[in-house]
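In: need coordinates for the following:
(2 chains)
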Amino acid sequence: MIRAPLSTTSVLDESASIVRATASPWVGLLLVTSLPYRFMQAVFADRLLELGSTASQYGDALRTTADLTCAAFLLSLWGRAVYARACRLTSASGAAPGREALRVPLAALASYIFTASIAESVTYMLFITVAGIAVGAILSGLAIGTMELNDRPGVMAPLRLLSRYGNQTRIVVALSFVFLCGFVIAALNVAALFAGCLALVSTIGGWDASRWHILLSFSNRRYILMVIAGALLVVEPFWIAANVLLVRKAGVAESGDDLRLWFEELKQS
Amino acid sequence: MTPTNRPMAQRCAVHQQRPAFAVCMQCTKSLCQECATQWDGIWYCAACLAVRRAGPVKRSRAGGWIAVIAASIVILFFSTRLMVWAGVLLAGLR
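Out: Residues are numbered from 1 along each chain as shown, chains lettered A, B, ... in the order given. This next block holds a predicted model:
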């Protein structure tokens, strides 16, 4: 399914095809495994907003929530790893893979947990700056993209791979910008979906949904957090597919395999 | 290790008709030019070289596993602390 040379638009085009091909069941698996993590993040943010300036006095309670979030994070990493493998297999064969996608090599998974933990730490460390969130997202994307290139467990090799593919700065930054816009649009869509469902239930269903109107309004911070979490869940499959393709296309260009594929296509036509 | 200085009467352990060219530093067999392979500046026979090359890979895998698991646990531990720290910092700014 590598159809065009490495560029932002080709990565986005082909990642959309891959998400479509892997929608069932691999996007479903990704969503199911990511849901607890996003939910726990929303719970953590909600507790912080509730506690406000007194949050420093509730360190133990917050740490418990953070530990649970960490456990949910590990589950989501496994889901992401399986989905990334499914994306890679789809891009190689053109068809959605079967159970083969579940056989993520342990060395690749261990390396991914290591690099994703670094990305997560960088995000929290620099959370106060907007650039920090972007750097964390880019690192997290490259970590999942390079996951399957790690055939041996180790600490230095995954980091070397991150820096090697992070050199595609222009495309990486462009993808991040596109996905930032995508996230905003996804958040609006999730909010519109809730509003639409609510309108349908109250008008066609004839239910008294006045309480739900208050709960599902932007004056409720929990609703805002759930919309953000929902938008992240919607964008995640595309983000992972784009990063897997970015790394695959960059690797193909480096090895000259793109020329080989091109010659094969020319011979066939 | 340089090629052997022993008299030419020494014969290759694999090819008896050929004169010895070097001695394997692992098993001390005499080797002809075809059988001797230099690795890291030391002469080895094919069998010892295979063992030599397989050894470090196995060791590095075990070391790699330990390193990556230990590093992940440490980073995850600090990541949860950083999460709380960043959250408290942001909540304090409100």
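
In: residues touching the closest residue to B:Cys24 other than its chain neighbours, list them.
Out: Spatial nearest neighbour of B:Cys24, excluding adjacent residues (CB to CB, 6 or more residues apart in numbering or on different chains): B:Cys45 at 4.1 Å. (C-beta placed from N, C-alpha, C; glycine too.) Remark: with contacts taken as CB atoms under 8 Å, 6 or more residues apart in numbering or on different chains, B:Cys45 is in contact with B:Ala13, B:Val14, B:Cys24, B:Gln26, B:Cys27, B:Lys29, B:Leu31, B:Cys35, B:Ala36, B:Thr37.

In: the first one: how many residues sit nearby?
Out: Right, the one you point to is B:Ala13. 17 (other CB atoms under 10 Å in any protein chain shown).

In: that one: what secondary structure?
Out: coil (DSSP: H, G, I helix; E, B strand; the rest coil).

In: list the contacts of it.
Out: Counted by CB under 8 Å, 6+ apart, B:Ala13 has contacts B:Lys29, B:Ser30, B:Leu31, B:Cys35, B:Cys45.

In: which residues does the second one bridge with?
Out: In this case it means B:Ser30. For B:Ser30, the beta-bridge partners are B:Val23 (DSSP bridges).

In: so it sits right up against B:His15, yeah?
Out: No - using CB atoms under 8 Å as the test, B:Ser30 is too far from B:His15 to be in contact (10.3 Å).

In: still on that earlier bit, pick out the most distant pair among the contacts of B:Cys45.
Out: B:Val14 and B:Gln26 (14.8 Å; CB to CB).

In: ranges for the helices of the chain?
Out: Just going to use chain A. Taking DSSP state H as the test, the helices found in chain A are A:8-22, A:28-51, A:59-93, A:106-125, A:130-146, A:156-166, A:169-203, A:210-215, A:221-255, A:257-268.

In: switch to chain B, please.
Out: Under DSSP H, chain B gives helices at B:46-93.

In: for it, what lies in contact range of chain A?
Out: Proximity of chain B to chain A, by CB under 8 Å from any CB of the partner chain, involves residues B:60-61, B:64-65, B:67-69, B:71-72, B:75-76, B:78-92, B:94.

In: ok, back up a step: make TSV from the contacts of B:Cys45 and add pLDDT to it.
Out: As requested, these are exported to TSV (pLDDT from 0 to 100):
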residue	pLDDT
B:Ala13	87
B:Val14	86
B:Cys24	81
B:Gln26	74
B:Cys27	81
B:Lys29	84
B:Leu31	86
B:Cys35	88
B:Ala36	86
B:Thr37	86
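
In: counting neighbours, which of these comes out on top?
Out: B:Leu31 (26 neighbours).

In: next one: that one from chain A, what distance?
Out: Going from B:Leu31 to chain A by CB to the nearest CB, to the nearest Å gives 32 Å.

In: identify the residues contacting that residue.
Out: Neighbours of B:Leu31 in contact, by CB under 8 Å, 6+ apart: B:Cys12, B:Ala13, B:Val14, B:Ala20, B:Phe21, B:Ala22, B:Val23, B:Cys24, B:Trp43, B:Cys45.

In: and what of A:Ser117?
Out: A:Ser117 sits in contact with B:Ser72, B:Ile75, B:Leu76, B:Ser79, where contact means CB under 8 Å, 6+ apart.

In: grab the nearest non-local neighbour of it.
Out: B:Ile75 (4.1 Å).

In: right, and that neighbour touches A:Ala116 too?
Out: No - the criterion here is CB under 8 Å, and B:Ile75 misses it with A:Ala116 at 9.4 Å.

In: of those two, which one has the most company?
Out: A:Ala116 (26 against 19).

In: how close does that one get to chain B?
Out: Distance from A:Ala116 to chain B, by CB to the nearest CB: 9 Å.

In: doesn't A:Ser140 make contact with that residue?
Out: Yes - the pair A:Ala116 / A:Ser140 is scored as a contact, 6.1 Å apart, by CB under 8 Å.

In: run through the chain and note the low-pLDDT ranges.
Out: In the absence of a named chain, chain A is used. Chain A contains residues with pLDDT under 70 at A:1-5, A:252-266, A:268-269.

In: not what I meant, chain B
Out: Short version for chain B, where the test is pLDDT under 70: B:1-9, B:40-41, B:55-60, B:94.

In: what residues does the stretch 151-269 of chain A have near chain B?
Out: Counting by CB under 8 Å from any CB, the residues of the stretch 151-269 of chain A close to chain B are A:Arg152, A:Pro153, A:Gly154, A:Val155, A:Pro158.
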